[in-house]
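Asks: Provided below are the primary sequence and the corresponding predicted coordinates.
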Amino acid sequence: MKQFELAKQVEKSGEVAMGPQQSGMLTTYLIYGALAPGETGRRIRPGRGREEILFLINGKARIEKGGRKSTEIVCEGGSAIPMPEGSDYWLSNLTSTRVEYIIAGGFTEPVHFLRQVQEQMATPKKE
């Protein structure tokens, strides 16, 4: 069993992902993110063959969905937003304090790099 201290890592870049390389699980991943007070325009986009759910842990945020008919919602901590494959979202912090969120995702179809990860995990490291 491994422990991942995501909260310590998020300070460097605003988001940290725990994917197949870290967890050894080939079909799911987790992203932990934090928005600075007043930060706007963080792009979130589930890639090809991926579906995600964003869970806002605390605070209040505006989530805009891109495209021709842009839509937006304002949500508060405890809210979850499903994000289908290939959709574009922008997340903005509407508070004067840090807002944290988690994105849980899964792969909906085989993805090439997953095979590479699986091969890397099966090959012993040379020392």
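Replies: Thanks, I have the structure now.
Asks: Where do the helices of this protein begin and end?
Replies: Using DSSP state H, the helices of the chain run over residues 6-13, 20-23, 112-122.
Asks: Deepest-packed of those, please.
Replies: Neighbour counts (mean count of other CB atoms under 10 Å) averaged over each of the helices of the chain peak at helix 20-23, with a mean of 15. C-beta coordinates here come from the backbone N, C-alpha and C atoms, glycine included.
Asks: how near is Thr28 to Phe107?
Replies: For Thr28, the distance to Phe107 equals 8 Å [CB to CB, to the nearest Å].
Asks: Show me which of these two is the more surrounded one.
Replies: Neighbour tally, Thr28 and Phe107, criterion other CB atoms under 10 Å: the higher count belongs to Phe107, 18 against 13.
Asks: does the more buried one have beta-bridge partners, and which?
Replies: Beta-bridge partners recorded for Phe107 (DSSP bridges): Arg50.
Asks: how about the helices of the chain in JSON lines, adding mean pLDDT and distance to Ser96?
Replies: Converted to JSON lines, these look like this (pLDDT from 0 to 100; distance: least, CB to CB, whole Å):
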{"stretch": "helix 6-13", "mean pLDDT": "80", "distance to Ser96": "19"}
{"stretch": "helix 20-23", "mean pLDDT": "76", "distance to Ser96": "33"}
{"stretch": "helix 112-122", "mean pLDDT": "68", "distance to Ser96": "39"}
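Asks: nearest to Arg98, of the ones you listed?
Replies: The closest of the helices of the chain to Arg98 is helix 6-13. By CB to CB, the value is 9.8 Å.
Asks: Can I get the closest one in CSV? Just the C-alpha atoms.
Replies: Extracted C-alpha coordinates of helix 6-13, given in CSV (Å, rounded to 0.1, in the frame of the first residue of the first chain):
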residue,chain,number,x,y,z
LEU,A,6,-1.1,15.3,-2.9
ALA,A,7,-1.7,18.4,-0.7
LYS,A,8,2.1,19.0,-0.5
GLN,A,9,2.6,18.6,-4.2
VAL,A,10,-0.2,20.9,-5.3
GLU,A,11,1.6,24.0,-4.0
LYS,A,12,4.1,23.8,-6.9
SER,A,13,1.7,23.9,-9.9
